[in-house]
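A.B. asks: Got a predicted structure plus its sequence, pasted below:
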Amino acid sequence: MEQLTGIAASYLSLTVLKLILGVVLGLPAVYLLSRWLERAVARRYRPHWGMLLGKIAFHGGWVFLALAMLNEAGISMAPLLGAAGVVGVALGFASQTSISNVISGLFLIAEQSFQVGHLIKVGTATGVVLSIDTLSVKIRTFDNKYIRLPNETLLKSEVVNFSQFPIRRIDLRVPVAYKEDLRKVESVLLTVADRNPYSLHEPEPLVLIDCFAASSIDFQLGIWVLQDDFVEAKNSIHYDIKEAFKAEGIELPLPQLSLYGGPVGTPLTVKLESGADPAA
Amino acid sequence: MKDQRDLLLDPTPLPPPWGRVEVAEGETTEWKLPYLTVWLRRSAGRLILAKAHRSPYLPEAPEPTPPPDRAWHTFVLEEREQSLLFSPMLPDLPVVIKPTSPLHLGPHLHTRLYAMLPLQVQVSAIGDRRRPLVILDQVRWGRTWFGDFFDGEPCLWRYAELTALPPATPGAHKALFPIEVHNLAGEELVIDKLCHRMDQLALFCTDQAIWADTTVVHYHGDPGHVSVSHQGKAPGEVPHALKVVRPRLEPNKGLVTRTFASIKHFNIFMR
């Protein structure tokens, strides 16, 4: 009897030792392996592929480890798997949204509409993509807010990616007074674009007369810039236009309103009485 | 941050204003090129540096003055680094040269052209060895894009004459770039713009001017079928000029490079 108890105790202690070793060595190994996989894939391919594969490896790894340890402890998997089937059906109904997000995430990654580090706009949210995860995409806005967008929302919404192409066009509406010489305005705008340090010479800048508006003739100036220069370019071109118009005597008009009184088309007469104080 | 590798070989033959500059402790020293002014101060083992550009579009503009203190950059110097060296560098991006008017080169003709482009300025500290501190643009370069809307590379942009003769007084702040174009095609070649790659060019120096080595272009009849090579020695006009700056990329004379040179350098003539 004592012999049997001794054998059982040694068997139990061996099993416990194996379980402890499994936890102490297995979990760090799974963590390190997933981190290595994430870095290797991100370096060779895309950062978000690395993140996704790293997560799959980590979660898959610890599930495998848990199953192996249960097996080692002598707990049969068959009843658990049977119960898992029943629980799985219940969970399936309860987690439709999550599963939809997971599948949407796979589509997002396959479609490659954007990557980690890209600047995107979804609905009213604009920001830099921090991560593309199993359930959601995380972005950081310019005012440093953290926004979590469910993958399903992204798949259903219009996503604008500002970083997809290396160059972008900045379109500016430039109103000028009706009295101005339009060809001179066009020439000044092209010179401004030519001298701006951020404006690319090719593709060439574009100047269009957009419309005859209520108080102005509106020009459209389009300049092409490198992605990284967008903000500086937008600021500097506004400064340059203002300075160039000032130097050339071109008026940037304020909104104007014509008042008429009496017969149609006769302007309202404004008279200054002699001796009256105009400031009064 | 620009490429900080020291490509300078021997600064001795460089014409003024290039060369050594001594900066006395506590005093402000000025170093000038036509469109660039650099101010230098030395204080407690540190170099404090500021720069200002003059616009070529505003020749009447007043002389630049030192900027406010927040615009100065401070470099920590080693104890033995007592003087500075100003040396020329080639631009770190390809330069698209836009001549005033297009050049027409008939079938089976060749020509030798000269372009003058401003150089960058490398500031190095001189102690037991030479240590590059910073590279400054001499002018505010225009920018352009070489490629399509999906892919390509940024380039610098310069309006410059493609002259048939080298200028008599080129000025030490610019380099002369000889370009030999051979039109081997049976059709006219119109050179409207030229994308001049800098990374395999070296700089050579006489007592008056700085030259780049000659770029030889063979045009075979299709904008995508152009082969470009560099001679890697002083141009024929100044055979005794000394090499002062080595290329960023040493030309590889391997079989693969020679065979695929046309692919690597295709499309020099932008259309």
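C.D. replies: That came in fine, so what should we check first?
A.B. asks: Now stretch B:228-242: average pLDDT?
C.D. replies: Here stretch B:228-242 scores 88 as its mean pLDDT.
A.B. asks: Can you get me the start-to-end distance on that stretch?
C.D. replies: Stretch B:228-242 has an end-to-end distance of 23 Å (criterion: Cα to Cα, to the nearest Å).
A.B. asks: May I see the buried residues of that stretch?
C.D. replies: B:V228, B:S229, B:H230, B:Q231, B:G232, B:A234, B:P235, B:E237, B:V238, B:A241, B:L242 (16 or more other Cβ atoms under 10 Å in any protein chain shown). For every residue, glycine as well, the C-beta is placed using N, CA and C.
A.B. asks: Dump those into CSV; add secondary structure and distance to A:T269 as well.
C.D. replies: Output for these, formatted as CSV (DSSP: H, G, I helix; E, B strand; the rest coil; distance: Cβ to Cβ, whole Å):
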residue, secondary structure, distance to A:T269
B:V228, strand, 74
B:S229, strand, 80
B:H230, strand, 78
B:Q231, coil, 81
B:G232, coil, 83
B:A234, coil, 82
B:P235, coil, 78
B:E237, coil, 78
B:V238, coil, 79
B:A241, coil, 80
B:L242, strand, 83
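A.B. asks: Take these and lay them out in TSV including distance to chain A.
C.D. replies: Listed next are those as TSV, based on distance: Cβ to the nearest Cβ, whole Å:
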residue	distance to chain A
B:V228	20
B:S229	26
B:H230	25
B:Q231	29
B:G232	30
B:A234	32
B:P235	28
B:E237	30
B:V238	32
B:A241	32
B:L242	34
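A.B. asks: how about the nearest residue to B:D128, chain neighbours excluded?
C.D. replies: B:R80 (5.5 Å; Cβ to Cβ, 6 or more residues apart in numbering or on different chains).
A.B. asks: Which secondary structure state is assigned to the one you found?
C.D. replies: Reduced to three states with DSSP: H, G, I helix; E, B strand; the rest coil, the structure at B:R80 is coil.
A.B. asks: What separation do you get for it and chain A?
C.D. replies: Using Cβ to the nearest Cβ, to the nearest Å, B:R80 is found at 38 Å from chain A.
A.B. asks: where are the low-confidence patches of the chain?
C.D. replies: Because you didn't say which chain, this covers chain A. For chain A, applying pLDDT under 70 flags the ranges A:1-2, A:4, A:7-8, A:11, A:261-265, A:275-280.
A.B. asks: Can you look at chain B instead?
C.D. replies: Scanning chain B with the threshold set as pLDDT under 70 gives B:1-4, B:223-224, B:251-271.
A.B. asks: Next, name the residue at the spatial heart of it.
C.D. replies: The centroid of chain B falls nearest to B:L90 when counting by Cα atoms, centre = their mean (2.8 Å).
A.B. asks: What residue, apart from its backbone neighbours, is nearest it spatially?
C.D. replies: Leaving aside its chain neighbours, B:L90 sits nearest to B:M198 (4.5 Å; criterion: Cβ to Cβ, 6+ apart).
A.B. asks: from what I can see the residue nearest to B:D128 touches B:R130, true?
C.D. replies: No. Counting by Cβ atoms under 8 Å, B:R80 stays clear of B:R130, with 11.8 Å between them.
A.B. asks: which bits of the stretch 51-200 of chain B sit near chain A?
C.D. replies: By Cβ under 8 Å from any Cβ of the partner chain, the residues of the stretch 51-200 of chain B that approach chain A are B:57, B:96, B:98, B:140-147, B:149-152, B:154, B:157.
A.B. asks: again, only using 6 Å
C.D. replies: With the criterion set to Cβ under 6 Å from any Cβ of the partner chain, the stretch 51-200 of chain B comes near chain A through B:R140, B:G142, B:R143, B:T144, B:W145, B:F149, B:P154, B:W157.
A.B. asks: And what about the last one, helix, strand or coil?
C.D. replies: Secondary structure, three-state DSSP: B:W157 is strand.
A.B. asks: burial of it, as a residue count?
C.D. replies: 22 (other Cβ atoms under 10 Å in any protein chain shown).
A.B. asks: For the residue nearest to B:D128, give its distance to B:I48.
C.D. replies: Distance of B:R80 to B:I48, computed by Cβ to Cβ, to the nearest Å: 19 Å.
A.B. asks: Which residue of these two possesses the greater neighbour count?
C.D. replies: Taking neighbours as other Cβ under 10 Å, B:R80 and B:I48 compare with B:I48 leading, 16 against 10.
A.B. asks: Can you list the strands that the host helix or strand of the more buried one pairs with?
C.D. replies: Following DSSP states H and E, one finds B:I48 within strand B:46-53. According to DSSP bridges, strand B:46-53 forms sheet pairs with strand B:36-43 (antiparallel), strand B:73-76 (antiparallel).
A.B. asks: if I pick the closest residue to B:R197 other than its chain neighbours, what's in contact with it?
C.D. replies: Spatially, and ignoring its direct neighbours in sequence, B:R197 is nearest to B:P94 (4.7 Å; Cβ to Cβ, 6+ apart). Neighbour list for B:P94: B:C155, B:C195, B:R197 [criterion: Cβ atoms under 6 Å, 6 or more residues apart in numbering or on different chains].
A.B. asks: of all the residues you listed, which comes closest to chain A?
C.D. replies: Ranked by distance to chain A (Cβ to the nearest Cβ), those are led by B:C155 at 8.8 Å.
A.B. asks: and the closest one, bridged to which residues?
C.D. replies: B:T144.
A.B. asks: Just give me the neighbour total for it.
C.D. replies: 26.
A.B. asks: And it, how close does it get to A:I237?
C.D. replies: 20 Å.
A.B. asks: Over to B:T163?
C.D. replies: Noted for B:T163: a distance of 33 Å to A:I237, by Cβ to Cβ.
A.B. asks: which of those two has more neighbours?
C.D. replies: A:I237 (23 against 13).
A.B. asks: Report the secondary structure state of the more buried one.
C.D. replies: A:I237 is classified as helix under three-state DSSP.
A.B. asks: buried stuff in stretch A:232-241?
C.D. replies: Residues of stretch A:232-241 classed as buried: A:A233, A:S236, A:I237, A:D240, A:I241 (neighbour count, 16+ other Cβ under 10 Å).
A.B. asks: of all those, which comes closest to A:G50?
C.D. replies: A:A233 (32.4 Å; Cβ to Cβ).
A.B. asks: mind checking the SS state of that closest one?
C.D. replies: On the three-state scheme (three-state DSSP), A:A233 is labelled helix.
A.B. asks: now the residue lying closest to it once chain neighbours are set aside: how far from A:Q227?
C.D. replies: Once flanking residues are discounted, A:A233 sits nearest to A:Y198: 3.6 Å by Cβ to Cβ, 6+ apart. As judged by Cβ to Cβ, A:Y198 and A:Q227 stand 11 Å apart.
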